[in-house]
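[1] Provide a 3D model corresponding to the input given below.
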Amino acid sequence: MIEETQRPVYASISGIMTAFSISEATVHRLLNAGAFGSCKIGRARRIKVADVEAYFESRKDQPDAVGTRIARRHVK
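    Numbering: from 1, shown residues only. Below is the predicted model of the structure:
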């Protein structure tokens, strides 16, 4: 029997935007920077919620997130 969970394991880009209160551009920037992965099923892109949570947890004591415009300005 499959155990039911309270939250989804995978979410769409819009689901990640809503759950983490971030913009679509930020989600795409973080995906392109390799902060977390995604898989594409047909035309739908799905992101593992636990990967996004782990990314933000690892960044909580750091002032600038990798992949943001602030961080990219300093890269040569």
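[2] So for the helix or strand residue 30 falls within, mean pLDDT?
    In the assignment (DSSP states H and E), residue 30 maps to helix 24-33. What helix 24-33 shows for mean pLDDT is 94.
[3] just stretch 11-21 next, same as before
    Per-residue scores along stretch 11-21 average to 94.
[4] Just the buried positions in stretch 38-46, please.
    38, 45-46 (16 or more other Cβ atoms under 10 Å). All C-beta atoms are positioned from the backbone trio N, CA, C, and that covers glycine.
[5] and what of stretch 10-17?
    Buried, per 16+ other Cβ under 10 Å, within stretch 10-17: 10-11, 13, 15-17.
[6] and the angle for the longest strand seen in the chain with helix 24-33?
    With DSSP state E setting the assignment, residue counts place strand 44-48 as the longest strand in the chain. If you take axes from the mean of the first three to the mean of the last three Cα atoms, to 10 degrees, strand 44-48 sits at 70 degrees to helix 24-33.
[7] next one: the next helix or strand after strand 44-48 to chain centre, how far?
    Remark: after strand 44-48, the chain's next helix or strand is helix 49-59, criterion DSSP H and E. Relative to the chain's own centre, helix 49-59 is displaced by 7 Å; criterion: Cα atoms, centre = their mean, to the nearest Å.
[8] How about residues contacting helix 49-59?
    Residues from elsewhere that reach helix 49-59 (Cβ atoms under 8 Å, 6 or more residues apart in numbering): 7-11, 16, 19-20, 30, 35-37, 65-66.
[9] Now rank those by neighbours and give me the top one.
    When neighbours are taken as other Cβ atoms under 10 Å, the top entry among these is residue 16 (25 neighbours).
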